[in-house]
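> Predicted coordinates and the sequence they were generated for:
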Amino acid sequence: MSENTKTLTHSPAPWNVVRSDPAEGADVWWIVGNCGGHNSETEIGSVQGGHGNHHEANARLIAAAPDLLSALRWFIDDIDGLHTPMVGFDKNVEAARAAIARASSEASR
C-alpha cells in the first residue's frame, strides 16, 4: 500500500433513511445506522436542499451503499478465475473492481 492510500472502514450495515418533519422548517432525509452497537441510531449523513425532487432517492441510494458494496465484493470474489474472458463482461468486471476500490479507498488518491 502506498503512503497515499489507506484502508477505511464504513459504519456497519444496515443503514436506514428517516425523514425529518417538514413542518419543523427543513426537509431533510437522514441516513442513520446502529454504529455503536447500543441499539441507538447514529447519524451517518443527510440529504437536503438542492434542485429537484431527488432527495429521498439520493438518501436511499446512500443508505443502500454498504449492501451494494457487499454484493459487489461477493460477485467479484465468486467469479474470479471462473469465467472465460469475454468482450464486454471483462469490462464490467473491471468497472466493478474500480467501484469497490473507490468505495473503500483502495485506489490511490
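Received, thanks.
> so what's residue 19 up against?
Residue 19 is in contact with 27-30, 56, counting by C-beta atoms under 8 Å, 6 or more residues apart in numbering. For glycine as for every other residue, the C-beta is placed from the backbone atoms N, C-alpha and C.
> Quick check: it vs residue 26, distance?
Computed with C-beta to C-beta, to the nearest Å, the distance linking residue 19 and residue 26 is 11 Å.
> can you check residue 43 too?
Between residue 43 and residue 26 the computed distance is 14 Å (C-beta to C-beta).
> and the contacts of residue 19, which are buried?
28-30 (16 or more other C-beta atoms under 10 Å).
> These in strands, which ones?
Of the positions in those, 28-30 sit in strands, assigned by DSSP state E.
> can the residues you listed go into a markdown table with extra columns for distance to residue 93 and pLDDT?
Shown next, in a markdown table, are these (distance: C-beta to C-beta, whole Å; pLDDT from 0 to 100):
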| residue | distance to residue 93 | pLDDT |
| --- | --- | --- |
| 28 | 37 | 89 |
| 29 | 33 | 90 |
| 30 | 35 | 91 |
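> and of those residues, the nearest to residue 11?
Distances from residue 11 to these, taken as C-beta to C-beta, are shortest for residue 30 (13.3 Å).
> For that closest one, name its beta-bridge partners.
Beta-bridge partners recorded for residue 30 (DSSP bridges): residue 18, residue 46.
> residues in contact with it?
Going by C-beta under 8 Å, 6+ apart, residue 30 touches 17-20, 43, 45-46, 59.
> Make TSV out of those residues and add distance to residue 102.
Converted to TSV, the contacts of residue 30 look like this (distance: C-beta to C-beta, whole Å):
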residue	distance to residue 102
17	22
18	26
19	28
20	29
43	23
45	17
46	21
59	20
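> I appreciate the help and will end here.
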